[in-house]
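J.: Give the three-dimensional model of this entry:
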Amino acid sequence: MNQPSPKLPPGTHIGRVALQIADLDRSLDFYQRVIGFRLITRDGASGARWAGLGAPGSDRVLLELREKPGVHPVPQQGRLGIYHFATLLPTRPDLGRFLQHVAELEIRMGSAEHRVSEALYLVDPDGISIEVYRDRPREEWPFHDGEVLATTDPLDARGLLSAAGSGTWQGVPTGTTVGHVHFYVGDIVAAEAFYHSALGFEKTMWTVPGMLFVSAGGYHHVGLNTWAAGTRVATDDDAKLLFWELLLPDRVAVAAAADRLRRAGYGVSEAGEDFLARDPWSITARLSHN
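T.: Numbers count the residues shown, from 1 in each chain. The predicted model follows:
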């Protein structure tokens, strides 16, 4: 009898991210007007207000916002939990138009050339960071001994604006996804034990001190770092990531991943056909399938 693979299958990718925020209307304004997501669904009939947003051409929710009035914003120095989630645009001209749009709004942002991608960084009203980026073709990615050698260099903003052409930003385009998620964790060894040894991601970047990137099928799906100034884990009274969704190709792969985590001693609970698994810092992965 064939044994299940100890690794996540190549078709695995990130689904939605769910955030706890203080004010739904304020966050909807930011994520629609600034980032450009499309509102897919919204509900407040039961008293708990929430909304789901995504990209044109699909009803798949990429970002879920759940309101809890009074939650504390993420401090500038960070807290254990989400570092950022990354919105992947299909092309370089898309990112150029987004850069032009944010510059016209006079919103503060960071930027970087990573050699595998070009990226812009913004902060939402609750202090949660968002990366908006485009990938370079994989044949351009630098490798050494199997490791991706991403860097943080100055962005060629002039070239990016030139790539935008005459088009203007009309919101995130069809084909936009959540490309990766990146977390503040307390210890890289413990993070590797959960995400690599138990869950089944492969390592793609591991030699930068205090940082690890892991992958299914060669793509950097999850980043982990120890850069947060404090050691406090986000609580129910904080703006935070509620869960991130890991989409596997089928139910068999979902069950195999959940079983690996259980056998390694991590808590896993059922949520309908899905499974919820928490890492050592209560960052919750929702294991589901396409």
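
J.: who are the neighbours in contact with residue 65?
T.: 18-19, 21, 24, 27-28, 31, 50-53 (C-beta atoms under 8 Å, 6 or more residues apart in numbering). To be clear about C-beta, it is placed using only N, CA and C from the backbone, and glycine gets the same treatment.

J.: a markdown table for those residues, including secondary structure, pLDDT and neighbour count?
T.: Output for the contacts of residue 65, formatted as a markdown table (DSSP: H, G, I helix; E, B strand; the rest coil; pLDDT from 0 to 100; neighbours: other C-beta atoms under 10 Å):
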| residue | secondary structure | pLDDT | neighbour count |
| --- | --- | --- | --- |
| 18 | strand | 98 | 19 |
| 19 | strand | 98 | 23 |
| 21 | strand | 98 | 27 |
| 24 | helix | 97 | 19 |
| 27 | helix | 98 | 23 |
| 28 | helix | 98 | 19 |
| 31 | helix | 98 | 24 |
| 50 | strand | 96 | 17 |
| 51 | strand | 98 | 24 |
| 52 | strand | 98 | 21 |
| 53 | strand | 98 | 23 |
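
J.: among these, which two are most distant?
T.: Farthest-apart pair in the contacts of residue 65 is 18 and 28; separation 14.7 Å (C-beta to C-beta).

J.: just curious, which of the contacts of residue 65 is nearest to residue 9?
T.: Nearest member of the contacts of residue 65 to residue 9, counting by C-beta to C-beta, is residue 18, at 23.6 Å.

J.: Against residue 50, how distant is the closest one?
T.: 9 Å (C-beta to C-beta, to the nearest Å).

J.: Residue 102 contacts residue 109, doesn't it?
T.: Yes: assessed by C-beta atoms under 8 Å, residue 102 is found in contact with residue 109 at 5.6 Å.

J.: So between the two, which is more surrounded?
T.: For residue 102 versus residue 109, the count of surrounding residues by other C-beta atoms under 10 Å is larger for residue 102: 19 against 16.

J.: for the stretch 101-250 of the chain, what spans make up the helices?
T.: 157-163, 188-192 (DSSP state H, counting those that start in this stretch).

J.: follow-up on the earlier one: same list (the contacts of residue 65) but as a markdown table, adding distance to residue 151.
T.: Converted to a markdown table, the contacts of residue 65 look like this (distance: C-beta to C-beta, whole Å):
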| residue | distance to residue 151 |
| --- | --- |
| 18 | 31 |
| 19 | 29 |
| 21 | 32 |
| 24 | 38 |
| 27 | 32 |
| 28 | 35 |
| 31 | 29 |
| 50 | 38 |
| 51 | 36 |
| 52 | 35 |
| 53 | 31 |
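
J.: could you say which helix or strand contains residue 93?
T.: Assessed by DSSP states H and E, residue 93 sits inside helix 92-105.
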